[in-house]
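Novice: sequence unknown, structure follows:
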């Protein structure tokens, strides 16, 4: 079976699993959201003190461990790094700011659309625009530089952290858990962990990437990766229809706001940053599982970025964006542009 | 025989494919692209076949040598 068929089948499975996780207790249209869930983990660990978004999301841990398990089994575990790690941290940080302005990563963008949240349409256009800007720099020779082989311990360090994190559930007093709001809504721990691991293994096998799909169409007219993204939307839509959770409209959508301009610009930053990083937030988790320490730096950037977003009032809420958040979003786009220019070799 | 060589080891996607694409624009009888991961090898193979050329993948230790004609 070729990769495209795997992507369609696996993408459909991701869509269905996402709908099921919502049925099991996750917030609506949030079966998976890499940005929201990393933010919740930052909250659970006390890196920020926003009381409604604190939970040690097992889906994230499962994604890394599922990717690692399959990569290790297939001898695909390949520790490498050293390609501008600090810049990757900064880009991860910026991608998180953009995602928390919109209230979702590209995967949740797909799930919001499939749930009838039409605010996500502005987000999709923003995401495509951001990827377009990134692609224009790729064509001009943008590169963060080569990575090099690393020791197994270096490549495995973040995997080990993810292996140890679930044990914190045994000592809940160490963690902060929301008693209300999205952080209080979650599927049972083992179901979340298993779903995360299944998606992690599938995404490792197929290289599923939300940003990569649109990027490849723009660069090479290659629809392979995008087919997975489209399958997620289609399957989640069907799942939502079956469970009666398709609720079309703009106002009152779950964990979303109606400010189209900022939904657009937030995901412009996510798309732009993802192309510069070489993959969307989920892809960074999958590569972390494969031993890529550059991606691990991007993930740590997202974790710290999420904490800053809530400590400094940058993150949006269903009530809308904040002034600080809007300023931060523009600043993020400027920083990404400066990074893109700085790492682009002009052709003679 | 004129051979154009591309070293795309350590570069993240889609840079290896872009470098290959740029190399193919220059006329040569044979192109050799060196990558260090299966993903890049697969992506380049797909692109090259799409461009109507033949490609051969040989493992060289931890790396993959792609010979395009």
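Specialist: Right, received. Where do you want to start? Please read all numbers here as calculations on a predicted model, not as lab measurements.

Novice: only C-alpha atoms for contact and neighbour calcs from this point on.
Specialist: Fine.

Novice: in stretch A:160-175, what's buried?
Specialist: A:162, A:166, A:175 (16 or more other CA atoms under 10 Å in any protein chain shown).

Novice: Tell me which residues touch the last one, please.
Specialist: What that stands for is residue A:175. By CA atoms under 8 Å, 6 or more residues apart in numbering or on different chains, the contact list for residue A:175 reads A:44, A:45, A:46, A:168.

Novice: Could you do residue A:221 as well?
Specialist: If you count contacts by CA under 8 Å, 6+ apart, then residue A:221 has nothing around it.

Novice: quick one: low-confidence ranges for the chain?
Specialist: As the question left the chain open, I've gone with chain A. A:1, A:346-348 (pLDDT under 70).

Novice: Please enumerate the helices of chain B.
Specialist: B:15-25, B:38-50 (DSSP state H).

Novice: Next up, the contacts around residue A:174.
Specialist: When the contact criterion is CA under 8 Å, 6+ apart, the partners of residue A:174 are A:45, A:168.

Novice: any idea how far chain B is from it?
Specialist: Distance check for residue A:174 against chain B: by CA to the nearest CA, to the nearest Å, it reads 38 Å.

Novice: Tell me the residues of chain B that contact chain A?
Specialist: Remark: the part of chain B in contact with chain A comprises B:9, B:10, B:11, B:12, B:13, B:14, B:15, B:18, B:39, B:47, using CA under 8 Å from any CA of the partner chain.

Novice: Can you name the residue of chain B nearest to chain A?
Specialist: Across chain B, no residue is closer to chain A than residue B:10, which sits at 4.4 Å (CA to the nearest CA).

Novice: Roughly how far does that residue sit from residue A:180?
Specialist: Relative to residue A:180, residue B:10 is positioned 45 Å away (CA to CA, to the nearest Å).

Novice: The two: who's more crowded?
Specialist: Each of residue B:10 and residue A:180 has its neighbours counted (other CA atoms under 10 Å in any protein chain shown); residue B:10 has more, 22 against 12.

Novice: show me what contacts that one?
Specialist: The contact partners of residue B:10, by CA under 8 Å, 6+ apart, come to A:145, A:146, A:147, A:148, B:35, B:36.

Novice: The last one touches residue B:61, doesn't it?
Specialist: Which is residue B:36. No. Taking CA atoms under 8 Å as the contact criterion, residue B:36 and residue B:61 are not neighbours in contact, 9.4 Å apart.

Novice: What subset of the contacts of residue A:175 is buried?
Specialist: For the contacts of residue A:175, burial is judged from neighbour counts taken by 16+ other CA under 10 Å, and it is met by A:44, A:45, A:46.

Novice: Switch those residues over to TSV; also include distance to chain B and secondary structure.
Specialist: Compiled in TSV, the buried ones among the contacts of residue A:175 are given as follows (distance: CA to the nearest CA, whole Å; DSSP: H, G, I helix; E, B strand; the rest coil):
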residue	distance to chain B	secondary structure
A:44	32	helix
A:45	31	coil
A:46	33	coil
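
Novice: for these, which one is nearest residue A:157?
Specialist: Comparing the buried ones among the contacts of residue A:175 against residue A:157 with CA to CA picks out residue A:45 as the nearest, at 18.4 Å.

Novice: Ignoring the adjacent residues along the chain, who's closest to the closest one?
Specialist: Nearest residue to residue A:45 in three dimensions, chain neighbours excluded: residue A:175, at 5.7 Å (CA to CA, 6 or more residues apart in numbering or on different chains).

Novice: Tell me who's in contact with residue A:147.
Specialist: Residue A:147 makes contacts with A:80, A:81, A:82, A:83, B:9, B:10, B:11, as judged by CA under 8 Å, 6+ apart.

Novice: Done for today, thanks.
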